[in-house]
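Chemist: Build me a structure from this.
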Amino acid sequence: MNWNPTECKKGDMIRVKVGSFYHYGIFVSDDEVIQFGLPPAPQYADERTNKEITVISTDIDIFACGSIIEVAEFTKKEKKEKFSEDETVSRAKARLGEGGYNILHNNCEHFVYEVCFGKKLSTQEEKAKEKWRLFKANKKS
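Modeler: All right, here's what the predicted structure looks like:
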């Protein structure tokens, strides 16, 4: 999968870079992006304080929070495995209001992979685990 700043279409998996992290969502229209919580941007800090993070719908401007939006470009294999655009949007909408957010094991990236492919995946989680393994290995040396 590659990520490119291109025009969004219904059912696209999209992301924005916020600080050192990416925030992911499912594009429905300019008026609706479904995402697991708000982007971790300073302007939303008050809205996140002491509130359960849930799957929400916002407009594209709130999702982007001033950053460039990237759209996933899938390989042939991924295109075969991915749900259709309508099914992806339907699966995302069915999860509106769902909670259980966990930054390592159930985050916005897990959410978009699950609604697009039916399985949870987080490349950010995998990279963090690899860094931790290397850190532990270097401490033992």
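Chemist: Give me the residues contacting stretch 85-93.
Modeler: Residues outside stretch 85-93 that contact it (CB atoms under 8 Å, 6 or more residues apart in numbering): 9-13, 26, 28, 34, 55, 57, 82-83, 111, 114-116. C-betas here are computed from N, CA, C, even on glycine.
Chemist: List the buried residues of it.
Modeler: Glu85, Thr88, Val89, Arg91, Ala92 (16 or more other CB atoms under 10 Å).
Chemist: ok, the first one to Cys108 distance?
Modeler: The span separating Glu85 from Cys108 equals 19 Å under the rule CB to CB, to the nearest Å.
Chemist: for the chain, what are the low-confidence residue spans?
Modeler: Low-confidence segments of the chain, defined by pLDDT under 70: 40-50, 124-129, 131-137, 141.
Chemist: beta partners for the spatially most central residue of it?
Modeler: Taking CA atoms, centre = their mean, the centroid of the chain lies closest to Tyr24, which sits 2.2 Å from it. Note on Tyr24: beta-bridge partners by DSSP bridges are Arg15.
Chemist: Run a quick check on it versus Cys116, I expect a contact.
Modeler: No. Using CB atoms under 8 Å, Tyr24 makes no contact with Cys116, being 10.0 Å away.
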